[in-house]
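Novice: I need the structure of the sequence given here:
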Amino acid sequence: MNTTFSYSKTLDGINETLEIVNEIYYSRPGNIATAQSIGLSVEAALNPTKWWTLMLYVFGERATYTSDLYTQRLDTTGYNGYASMTNSFQLGKGWAAELRADYQTDQVYSQLVILNFGTLNMAVSKKILKDAGTLKLAAQDLLYTRRGSGIINNLERTYADWNSKYDSRVVTLSFSYRFGKAGQQRQRHTGSGSESEQQRVKS
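Specialist: Numbers count the residues shown, from 1 in each chain. Down below sits the predicted model:
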């Protein structure tokens, strides 16, 4: 298990800024005076059985953005989180499968709150041609839950949000082939640099 603590502070960072003037919406890069983040992540690898490997990853942070922004004072704090779980299965006779689930909580980012979403991906593979080739069928976002939606904050006398739907459900069939003999090792070099130089001079 690996645990990581992180802290970052950015001064005059450039992020997307949003403003409404006379009912006209402006989106442009701008300086957000101070951005701070305190985060903690935990990663673990488990083997419930010989044929099942489970990878877990969890990340959480407290993010703060402060700035004098156009006619409004930006002073936003939020808690962001992300988690993933990857299951790898060795099914025997060259068969393998993978099932991965991801979840992202609401994310505070400058003037934006990006709304939560989750995804589910899976893949099945089979080794062929004396294990030199691999045929793989993979599907991303099986439940079609990936989205890009959120809320825009700090707009004078205005409530604004956006909703996007991605074409994120994708199925692919791929084939890969490994050239060369399995287990072939490069010739190991032993000896000092001076010995190598002597051999070169002799030749």
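
Novice: next, count neighbours for residue 18.
Specialist: Neighbour count for residue 18, taken as other Cβ atoms under 10 Å: 20. In short, each C-beta sits where N, CA and C put it, glycine included.

Novice: my read is it is in a strand, agree?
Specialist: Yes - secondary structure of residue 18 (DSSP: H, G, I helix; E, B strand; the rest coil): part of a strand.

Novice: surely it touches residue 158?
Specialist: No - with contacts counted by Cβ atoms under 8 Å, residue 18 stays clear of residue 158, the gap being 9.8 Å.

Novice: shared neighbours of the two, anything?
Specialist: By Cβ atoms under 8 Å, 6 or more residues apart in numbering, residue 18 and residue 158 have no common neighbours.

Novice: give me the next element, helix or strand, following the strand ranked longest in the chain.
Specialist: The strand that spans the most residues within the chain, counting by DSSP state E, is strand 24-49. Later in the chain than strand 24-49, the nearest helix or strand by DSSP states H and E is strand 52-69.

Novice: in that next one, what counts as buried?
Specialist: Across strand 52-69, burial judged by 16 or more other Cβ atoms under 10 Å covers 53, 57, 59, 61, 63, 65, 67, 69.

Novice: ok, now stretch 94-103?
Specialist: By 16+ other Cβ under 10 Å, the buried positions in stretch 94-103 come out as 96, 98, 100, 101, 102, 103.

Novice: also stretch 110-121?
Specialist: For stretch 110-121, the neighbour count (16+ other Cβ under 10 Å) marks 110, 111, 112, 113, 114, 115, 117, 118, 119, 120, 121 as buried.

Novice: which one of those sits closest to residue 163?
Specialist: Closest to residue 163 out of the buried residues of stretch 110-121 is residue 115 (8.9 Å), distances taken as Cβ to Cβ.

Novice: correct me if wrong: the closest one contacts residue 147.
Specialist: Yes - with contacts counted by Cβ under 8 Å, residue 115 reaches residue 147, the gap being 7.3 Å.

Novice: sorry, back to before: mark which of the buried residues of stretch 94-103 are part of strands, please.
Specialist: Using DSSP E, the subset of the buried residues of stretch 94-103 located in strands is 96, 98, 100, 101, 102, 103.

Novice: beta-bridge partners for the spatially closest residue to residue 45 that is not a sequence neighbour, please?
Specialist: Using Cβ to Cβ, 6 or more residues apart in numbering and skipping residues adjacent in sequence, the residue nearest residue 45 is residue 55, 5.5 Å away. Applying DSSP bridges to residue 55 gives these bridge partners: residue 45, residue 86.
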